[in-house]
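Q: Only the shape, not the letters, is given here:
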């Protein structure tokens, strides 16, 4: 979190300029304008969404629009919950997200640990192969990936409609491996040697030395894993064609045909709650994760 | 370890090499190495299998599929037929033109705006945490929720945007319903949804700029714009150019937003992107070979683009 902190540094406008009377007034005006505009632009639509869920079907499509529901109807949320089967959709999403998280944590951590600390021969080549996938645009691979999931090579399993079709491909995530490997690299090898002198094998060392020290990066990877599944659209649309098995992001779009607008808006508001909650709870980790992957200027 | 049980079959001696126990130790060392490697590969195997199945093999398969056709369950090689069909599709150039348009708008709006916002946030001494959370909130919204939300705002009959424009006595727009404005409407919604992450990355880069540089510029009598031009932008150039490349590569793969907001191709095919066309070929017309061929075109364009871009940024770095 060192990257984003309330800075005491000098910036474009010096403190001296700000302490002058004219500077102070300008700063106050700019601050007020920014606060108002940003709140309207970024919070306004969310406000409209939540209040829209309380409006009646005719009020939502009224012209001119109302800024506050005339006769708030919490019943719309209930209708949305039952009619669009939101409980089922939310459960599906959680099931996919946490399954994907589990697979990514187990396989990607193990792989990053191997290339960072155990360093087998050809380890670097494998790592390079994993990182090279970051350069391949994902849209290009959607067709061959779909065919692969349809008929898994050698095993000839069809994964369409099963959760495996979402879980397993998320493991092939070069960015996760990169973040984890970089963090493991920063853990001193002396600790590893000390553990091995005490008779600990690689698994034991990973479990009782590396993992406890890696909580911050594991948090970042976990949040991204969950959020990515939560936000994905095209891939689940292809591999989970059954509306009853779809995650919420997709299910709302598929089930929204012929449903009154106010019900859909209420459903949108409900669908936004989990990720917004995740963000508000973990915003520090999310923001540090964002900058962890980027270059420093 | 079974080091002591290593049978000593060879008695041949090499000059300069220690015999007897020394040689035994060397061998057991090799064994240990092999065992260690085996263990390491044990840790790697899960991820490697997933990469093989869902990333490395599909990359190869993308090429193979482009030259194959599947008819009534029989796969056959058809040479350039798929590429030819896709190339002569009446909408081939429309899709490319729309994709370029999307990327162009996304660069004018989606690339410049977050940097501008990051500079403002960096200058403010108050409410920074609040503003940062605010800008990032839409990123955490499920994309479909954001997309459908904007669909209601854009509605020409009861939408909020036209109402605001009317109140301000400005001309209203057809937004998504007109082929002239559909694409830019999609880009505006997409920018709202995603600009938070770029803003925060820029903000982190801005906060790493040493304050002395601004101090020195002040002493030279530099104004606000010349400080941005001569200090801020050069100091964040690495991040800016990386984000530019990522942004272009990402926007050229646009699908979700045009699908949710404009129903895919939009009025008069005005929002039909290349990836939407891949989707249509593969999953509407069930012609996976042609879809793969179009994907190959996209891959080619992106590779050429990245190559030229890396070349240019390298030369400009040498000049600077």
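A: Sure, I can see it. What you see is a predicted model; the values in this text were computed from it and never measured.

Q: drop to CA atoms for contacts and neighbour counts, all remaining ones
A: Fine.

Q: can you tell me which residues contact residue B:41?
A: A:114, A:120 (CA atoms under 8 Å, 6 or more residues apart in numbering or on different chains).

Q: how does it look with 10 Å?
A: Taking CA atoms under 10 Å, 6 or more residues apart in numbering or on different chains, we find residue B:41 in contact with A:110-111, A:114-115, A:118-123, B:35, B:48.

Q: Of all pairs in the residues you listed, which one spans the longest distance?
A: By the measure CA to CA, B:35 and B:48 form the most distant pair in those, at 19.1 Å.

Q: any bit of stretch A:16-35 sitting next to chain B?
A: Yes: applying CA under 10 Å from any CA of the partner chain, one finds stretch A:16-35 in contact with chain B at A:27-28, A:30-31, A:34-35.

Q: What of stretch A:184-194?
A: No: Stretch A:184-194 lies apart from chain B when judged by CA under 10 Å from any CA; the minimum separation is 13.9 Å.

Q: Check stretch A:113-124 too.
A: Yes: under the criterion of CA under 10 Å from any CA, chain B is reached by stretch A:113-124 at A:113-115, A:117-123.

Q: buried set for the helix or strand that contains residue B:82?
A: Element membership for residue B:82 (DSSP states H and E) is helix B:81-87. By 16 or more other CA atoms under 10 Å in any protein chain shown, the buried positions in helix B:81-87 come out as B:81-83, B:86-87.

Q: cool, and stretch A:244-254?
A: Buried residues in stretch A:244-254, defined by neighbour count with 16+ other CA under 10 Å: A:245-253.

Q: Next, see if it gets close to chain B.
A: Yes: among the residues of stretch A:244-254, A:248-253 lie within reach of chain B under CA under 10 Å from any CA.

Q: I'd like the distance from that stretch to the chain centre, please.
A: Centre-to-centre, stretch A:244-254 and its host chain are 17 Å apart (CA atoms, centre = their mean, to the nearest Å).

Q: What average pLDDT does it get?
A: Stretch A:244-254 shows a mean pLDDT of 88 in the predicted model.

Q: What helix or strand is residue B:308 located in?
A: With DSSP H and E as criterion, residue B:308 is part of helix B:288-319.

Q: Could you dump the residues of stretch A:113-124 next to chain B into a markdown table and include secondary structure, neighbour count and pLDDT?
A: Shown next, in a markdown table, are these (DSSP: H, G, I helix; E, B strand; the rest coil; neighbours: other CA atoms under 10 Å in any protein chain shown; pLDDT from 0 to 100):
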| residue | secondary structure | neighbour count | pLDDT |
| --- | --- | --- | --- |
| A:113 | helix | 26 | 94 |
| A:114 | helix | 26 | 94 |
| A:115 | helix | 25 | 93 |
| A:117 | helix | 20 | 88 |
| A:118 | helix | 19 | 89 |
| A:119 | coil | 16 | 89 |
| A:120 | coil | 20 | 91 |
| A:121 | coil | 15 | 89 |
| A:122 | coil | 12 | 90 |
| A:123 | helix | 19 | 90 |
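
Q: Residue 40 - how many residues pack around it?
A: Using chain A here. Residue A:40 sits with 14 neighbouring residues when counted by other CA atoms under 10 Å in any protein chain shown.

Q: My question was about chain B, not that one.
A: If you count neighbours by other CA under 10 Å, residue B:40 ends up with 24.

Q: swap in the one 3 residues further on?
A: Residues lying near residue B:43 (other CA under 10 Å) number 24.

Q: what's near enough to touch the residue nearest to it when sequence neighbours are not counted?
A: Once its chain neighbours are removed from consideration, residue B:43 has its nearest residue in residue A:110; the separation is 5.0 Å (CA to CA, 6 or more residues apart in numbering or on different chains). Neighbouring residues of residue A:110 by CA under 10 Å, 6+ apart: A:104, A:116, A:177, A:180-181, A:203, A:206, B:40-47.

Q: Helices along the stretch 101-250 of chain A, start to end?
A: Per DSSP state H, counting those that start in this stretch, the stretch 101-250 of chain A carries helices over the ranges A:109-113, A:123-132, A:138-150, A:164-171, A:174-185, A:189-197, A:202-205, A:211-213, A:215-231, A:234-239, A:248-255.

Q: Oops, could you answer that again for the stretch 51-200 of chain B instead?
A: B:57-66, B:81-87, B:92-105, B:112-123, B:128-136, B:143-154, B:160-167, B:182-207.

Q: so which of those comes closest to residue A:68?
A: helix B:160-167 (13.0 Å).

Q: So that closest one, near chain A or not?
A: Yes: with CA under 10 Å from any CA as the threshold, helix B:160-167 lies in contact with chain A, specifically through B:160, B:162-164.

Q: Tell me the buried residues within those residues.
A: The neighbour-count test (16+ other CA under 10 Å) marks B:160, B:162-163 as buried among those.

Q: Please report how far residue B:248 lies from residue B:138.
A: For residue B:248, the distance to residue B:138 (CA to CA, to the nearest Å) stands at 21 Å.

Q: how many other residues sit next to residue A:23?
A: Number of residues near residue A:23 (other CA under 10 Å) recorded here: 16.

Q: Around residue B:167, count how many other residues there are.
A: Neighbour tally, residue B:167, other CA under 10 Å: 9.

Q: give me every residue that touches it.
A: For residue B:167, the contact set (CA under 10 Å, 6+ apart) comprises residue B:161.

Q: Quick check: buried residues in the helix holding residue B:308?
A: Counting neighbours by 16+ other CA under 10 Å, the buried set in helix B:288-319 is B:288-299, B:302-303, B:306.

Q: Out of these, which is nearest to residue A:194?
A: The shortest approach to residue A:194 among the buried residues of helix B:288-319 belongs to residue B:306, at 45.2 Å (CA to CA).

Q: right, and that closest one touches residue B:249 too?
A: Yes: checked against CA atoms under 10 Å, the pair residue B:306 and residue B:249 is within contact range at 8.4 Å.

Q: Quick check: neighbours shared by those two?
A: Here residue B:306 and residue B:249 have residue A:135 as joint contacts, going by CA under 10 Å, 6+ apart.

Q: Leaving aside the residues adjacent along the chain, what's closest to the residue most central in space within chain B?
A: Residue closest to the average C-alpha location in chain B (CA atoms, centre = their mean): residue B:250, at 3.6 Å. In space, residue B:250 comes closest to residue A:137 once its chain neighbours are excluded; the distance is 7.8 Å by CA to CA, 6+ apart.

Q: and residue 91, how many residues sit next to it?
A: Reading this off chain A. Using other CA under 10 Å as the criterion, residue A:91 is surrounded by 15 other residues.

Q: Chain B, not that one
A: Residues within reach of residue B:91, counting by other CA under 10 Å, total 16.

Q: who are the neighbours in contact with it?
A: With contacts taken as CA under 10 Å, 6+ apart, residue B:91 has the following neighbours: B:97, B:269, B:272-274, B:277.
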